[in-house]
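Asker: coordinates for the following, if possible.
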Amino acid sequence: MEKERRKKRFKRSGNFTLIELLIVIAILAILVAMLLPALNSARKKSQAIRCVNNKKQTIQAEQMYAGDNSDFYVGYIAQTDTTLGLWTVILTGTYTDSSGKYLQRAGYLPLESIRCPSAREVALSYSYQIFWYKTYGLDISTLSSDQKTRLGDYLLVDYNSYHVFNLRKMKQVSAIPVFADTMDGSSSGRPKQRSFCRFKKEDNTSNGLIHMIHSNRAAVAFADGHAGLISGPDLRTGPYALEHWFNEAGVLFGGD
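Answerer: Residues are numbered from 1 along each chain as shown. Down below sits the predicted model:
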């Protein structure tokens, strides 16, 4: 009899009442709510670090390209297929086969390095669009006379033929952005918040703008080969004198 009573007591003590179960669930919910911001912050920091590393790899790829091409960084070289003239294609060693399919061979840069890990995923209709809209941007700004005095007249641009950086004409290589996180600033691109392969410091309508996607900072690679996170105001007050940019949420900033 005593043995049966002990067995029943043990059985009752091993079961949760409804109130106890609700308390446990509530405690777990509180713990999750406390941990999620920390986990999200850690994830964002990890993505930012990866993005800076990607920019570092890309500017190093440009340096290797310049070593093979008379000290010029490439932005665009005209081809019958305009996509094949983009820096994203040239540096990754992309080519098309007889069927028009885009393939990779040994280039200066792996394809996965041309993308920001934090960039918003956007559905694309054609395979060639990854080189336009699944990447960050290269500077195609128009330099003012003041900028040319400060930084050098280093950009050679014919929009129908080429866009290159002449390293020999640069004055402050550590202050000249070459690559940065970019969001399409065109009327069709901005609502979608899609990435874009080029940006301008002064234009917010027909090209991309630097996107401060990493907690209101952008991963930027500079002409001297270093890369890091920098804010819009810092780029604005520096020698580059950035005029417009998108904040993390995609809101336009800058201007007079």
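
Asker: partners of the host helix or strand of residue 138, with directions?
Answerer: Element membership for residue 138, per DSSP states H and E: strand 137-139. Strand pairing for strand 137-139, determined by DSSP bridges: strand 177-180 (antiparallel), strand 198-199 (parallel).

Asker: show the average pLDDT along the following helix or strand past the shortest one.
Answerer: Helices and strands here follow DSSP H and E; after strand 198-199, the next one along the chain is strand 208-210. For strand 208-210, the mean pLDDT works out to 94.

Asker: please apply the same query to stretch 106-125.
Answerer: 89.

Asker: and for stretch 30-41?
Answerer: What stretch 30-41 shows for mean pLDDT is 78.

Asker: likewise for stretch 50-70?
Answerer: On average, stretch 50-70 scores 97.

Asker: quick check: buried residues in it?
Answerer: Across stretch 50-70, burial judged by 16 or more other Cβ atoms under 10 Å covers 50-52, 54-63, 65-66. Yep, even glycine has a C-beta here, placed from its N, CA and C like the rest.

Asker: do a quick rundown of the helices in the protein.
Answerer: Assigned by DSSP state H, the chain shows helices spanning 2-13, 18-68, 87-92, 130-133, 145-151, 232-237.

Asker: which of these is buried the deepest?
Answerer: Burial of those is given as mean neighbour count (mean count of other Cβ atoms under 10 Å); helix 87-92 ranks first at a mean of 25.

Asker: how far does it sit from its chain's centre?
Answerer: Relative to its chain's centre, helix 87-92 lies at 16 Å (Cα atoms, centre = their mean, to the nearest Å).

Asker: again, but for stretch 206-217
Answerer: 8 Å.

Asker: next: stretch 143-162.
Answerer: For stretch 143-162, the distance from its own C-alpha centre to the chain's C-alpha centre is 24 Å (Cα atoms, centre = their mean).

Asker: got the contact list for it?
Answerer: Stretch 143-162 has contacts (Cβ atoms under 8 Å, 6 or more residues apart in numbering) with 72, 75-78, 139-142, 163-167, 169-172, 175-176, 239-241.

Asker: just the buried ones out of these, please.
Answerer: Buried members of those, counted by 16+ other Cβ under 10 Å: 72, 75-77, 139-141, 163-167, 170, 175-176, 240-241.

Asker: taking these one by one, which sit in strands?
Answerer: Applying DSSP state E to those, the entries found in strands are 72, 75, 76, 77, 139, 163, 164, 165, 166.

Asker: could I get those residues as JSON lines with distance to residue 46?
Answerer: Listed next are these as JSON lines, based on distance: Cβ to Cβ, whole Å:
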{"residue": "72", "distance to residue 46": "34"}
{"residue": "75", "distance to residue 46": "30"}
{"residue": "76", "distance to residue 46": "32"}
{"residue": "77", "distance to residue 46": "35"}
{"residue": "139", "distance to residue 46": "26"}
{"residue": "163", "distance to residue 46": "33"}
{"residue": "164", "distance to residue 46": "34"}
{"residue": "165", "distance to residue 46": "31"}
{"residue": "166", "distance to residue 46": "36"}
